[in-house]
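1. Give me a model of this one.
(one chain, ligands or ions: 1)
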Amino acid sequence: MCGIVGYIGERDAYPILIKGLKRLEYRGYDSAGVALMNGNLNVYKKKGKVNDLVDFIGTSNTKGNMGIGHTRWATHGIPDDLNAHPHLSGEERLVIIHNGIIENYAPIKEWLKTKGHTFKSETDTEVLIHLIEEIQKDGDLSIEEAVRLALTKVVGAYAIVVIDRLDPNKMVAARKSSPLVVGIGKDEFFIASDATPIVEYTNQVVYLDDNEIAVLTKNDGLKVINIENEVQRPLVHEIDMKIEAIEKGGYDYFMHKEIYEQPNTIADCMRGRLNVQEGWARLGGLSQYKNRICNADRIIIVACGTSWHSGLIAEYLFEDLARIPVEVEYASEFRYRNPIISEKDVVIAISQSGETADTLAALELAKKQGALTYGICNVVGSSIARVTDSGSYIHAGPEIGVASTKAFTGQVTLLSLMALTIAYERGTISTNRYQELISELGRIPKKVEETLKCDDQVKVVSEKMKDSSNALYLGRGYNFPVALEGALKLKEISYIHAEGYPAAEMKHGPIALIDENMPVVVVATNPSAHEKIVSNVQEVKARKGVVIAIVNEGDSVLKEIADLVIEIPLTLEPFTPLLSVIPMQLLSYHIAVMRGCNVDQPRNLAKSVTVE
Ligand code: M6R
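-> Modelled structure (predicted):
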């Protein structure tokens, strides 16, 4: 959460910062601010979006070849002008932007008050910059040394960038559990929470590691030390991110673009890993630990939100095809319930961003207890990708809409490849079944393209559902997690209360909610459960519920009973989620647009949840 951007070099910093903040706005959009260094420190900050900040700044002085910018997702203190970043120190010599939480800010604040400090905001960040100032003053220290010593006193997570007015050619950044990327240009540096504000200027980047402090000095290169003051050797990576990937490309919203990218992103995920002609599936990340994974007692999957739903689908895939017991855990619960983990377990973390704090913490716990850890991430170089023993990227490209779409189908594709690879190694499926599944997986990108043609039917359904206050989503087997995912999508971007349920479980409670005002979206695309789901639909109809059924082409039975149907292509049961989720994504998208919601930036949310 919160987006950080900084620039130091010969160019005008302001346009770079504003453009960067717009690219990072998906990380938080409660308030935004910039600080520009031009002999003086000019700080501008405003509640609202980056455009509100730009309007507020108007024609004020934005000169400076060095500056920092921040877009906020509030943790400490309501979203308002005072709590917005950057924050100045008491003597207004230092300025900071911060992503994360300083957990022990309260005692530090009390101590600083005894030293005469007063505070303007309610934030933990302001406390940190006062602490840095106090330490700097006390020892007459350089800014990097003051930052380093201050960080030895704080507990929590942070990515920070600090500027010292009296040291105008330097910018100091540090990270612990919140990402920071340094971009290296010619006589210039960029710093950001992720690479999106940097890619248009350079493809040379350094990912800071936890407890590292970067000192970016004009005309004097990059120096990285750790919190113990030991000099580190930064590894320069070349990133391969196209500028078109982070622009809307003619779509009104990133989410819409990302939904339509899925035929390609799924194909990208399979590239080099699935060969239909030769009949194999393979994952590089698995090879090194093949024996350990194939002989695991258990696979434990930790994830949050949409990634947790992918994990649930993996439970069906791994148990059905590879016959390995699977447990799927909310990362936030797993880490606090003293779980039993052994060296014979494999813990898979699924995360689009690779930065979700709960998932990272769950992984660390699993590592400590000896499990093998495997990361399934989208963001290359992200924390989860780096801390796990092995892993695979889904290669979906930047996902900017807060509602996850192409990352979900990328994760499910990757997990399908993984299940097939393990099943083959373990000999738990016949050669014929293996070949049948390989061939069908190869057809999925084309079938997703065909599925997207249901958009017009989805619009009709959206019109009918857009004014509802509640909705129920039902599914069975492989499509139960899809029902959960459909409900989450509707909630998060349309603000309609929705619940996902296993269709057969409905009669144990939620059926009491059904009347003529309750739309019930039923995912009915798994062939093996068709008759059962028809019975569930009958139960809803008998209570006057309005049934919207997602069905396979040619399903005359449900067409007859349901109020509205959305038809999608038929596929083999394990891959049905990859198709049935598409109308769910489109449904939430159209309803949100019809309700006038900001699809890409739903209220109270942020794309990457790097705090507990
Ligand atoms: O980056 P991650 O996959 O770890 O994020 C997990 C959740 O925060 C995320 O899936 C969230 O639920 C999405 N907004 C759902 O669309």
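
2. Run a quick neighbour tally on the nearest residue to residue 612 once chain neighbours are set aside.
-> Leaving out its chain neighbours, the residue that sits closest to residue 612 by CB to CB, 6 or more residues apart in numbering is residue 357, at 5.5 Å. Glycine gets a C-beta too; all of them are placed from N, C-alpha and C. Burial of residue 357 is recorded as 23 neighbouring residues (other CB atoms under 10 Å).

3. OK, contacts around the residue nearest to residue 574 when sequence neighbours are not counted?
-> Closest residue in space to residue 574, ignoring its immediate chain neighbours: residue 317 at 5.8 Å, by CB to CB, 6+ apart. Residue 317 sits next to 415-416, 418-419, 574 when contact means CB atoms under 8 Å, 6 or more residues apart in numbering.

4. Determine which two of the residues you listed are furthest apart.
-> 418 and 574 (12.1 Å; CB to CB).

5. what kind of secondary structure is the residue nearest to the spatial centre of the chain in?
-> The C-alpha lying nearest the average C-alpha coordinate of the chain belongs to residue 353 (CA atoms, centre = their mean; 3.8 Å). At residue 353, secondary structure determined by DSSP: H, G, I helix; E, B strand; the rest coil is coil.

6. Can you pull the phi/psi pair for it?
-> phi -70, psi -30 (degrees, to the nearest 10).

7. what bits of this protein have low per-residue confidence?
-> For the chain, the stretches with pLDDT under 70 are 611.

8. neighbour count winner among residue 418 and residue 574?
-> Per other CB under 10 Å, whichever of residue 418 and residue 574 has more neighbours is residue 418, with 26 against 22.

9. Correct me if wrong: that one contacts residue 289.
-> No: contact criterion CB atoms under 8 Å: residue 418 and residue 289 do not qualify, at 11.9 Å.

10. how about the residue nearest to residue 574, secondary structure?
-> Look at residue 317: counting by three-state DSSP, its state is helix.

11. how close does it get to the ligand?
-> For residue 317, the distance to the ligand (CB to the nearest ligand atom, to the nearest Å) stands at 18 Å.

12. ok, now residue 586?
-> 14 Å.

13. who touches residue 503 in this structure?
-> Residues in contact with residue 503, defined by CB under 8 Å, 6+ apart, are 474-476, 480, 483, 522, 529, 532-533, 536.

14. which ones among those residues are found in strands?
-> 474-475, 522 (DSSP state E).

15. Of all the residues in the stretch 501-612 of the chain, which one is nearest the ligand?
-> residue 609 (4.8 Å; CB to the nearest ligand atom).

16. What residues does that residue make contact with?
-> Residue 609 sits in contact with 1, 304, 356-358, where contact means CB under 8 Å, 6+ apart.

17. ok, now with 7 Å
-> Residues in contact with residue 609, defined by CB atoms under 7 Å, 6 or more residues apart in numbering, are 1, 356-357.

18. so which of those would you say is closest to residue 540?
-> Of these, the one sitting nearest to residue 540 (CB to CB) turns out to be residue 356, at 35.1 Å.

19. Just the ones of the contacts of residue 609 in strands?
-> Going by DSSP E, the strands hold none of those.

20. Point me to the residue of this structure nearest the ligand.
-> For the chain, CB to the nearest ligand atom, closest residue to the ligand: residue 305, 1.9 Å.

21. Could you check how far that residue is from residue 410?
-> Using CB to CB, to the nearest Å, we find residue 305 at a distance of 15 Å from residue 410.

22. So for those two, which residue has more residues nearby?
-> A count of neighbours by other CB under 10 Å puts residue 410 above the other of residue 305 and residue 410, at 29 against 22.

23. With adjacent residues omitted, what lies nearest to the more buried one?
-> residue 394 (3.4 Å).

24. Could you do residue 498 as well?
-> residue 487 (3.9 Å).

25. Sticking with the one you found, tell me its helix or strand.
-> Using DSSP states H and E, residue 487 sits in helix 480-494.

26. Show me the contact partners of that helix.
-> Applying CB under 7 Å, 6+ apart, the external contacts of helix 480-494 come out as 305-306, 309, 312-313, 403, 408, 471, 473-475, 496-502, 521, 523, 577, 580-581, 584-585, 588, 591-592, 595, 597, 599, 602, 605.

27. Give the pairing partners of the helix or strand just after it; include direction for each.
-> The C-terminal neighbour of helix 480-494 among helices and strands, as given by DSSP H and E, is strand 497-502. Strand 497-502 pairs in its sheet with strand 470-475 (parallel), by DSSP bridges.

28. related to what we said a few turns ago, quick one, what contacts the residue nearest to residue 612?
-> Counting by CB under 7 Å, 6+ apart, the residues that residue 357 touches are 157, 177, 609-612.

29. try residue 303
-> Residues in contact with residue 303, defined by CB under 7 Å, 6+ apart, are 310-311, 331, 349-351, 359.
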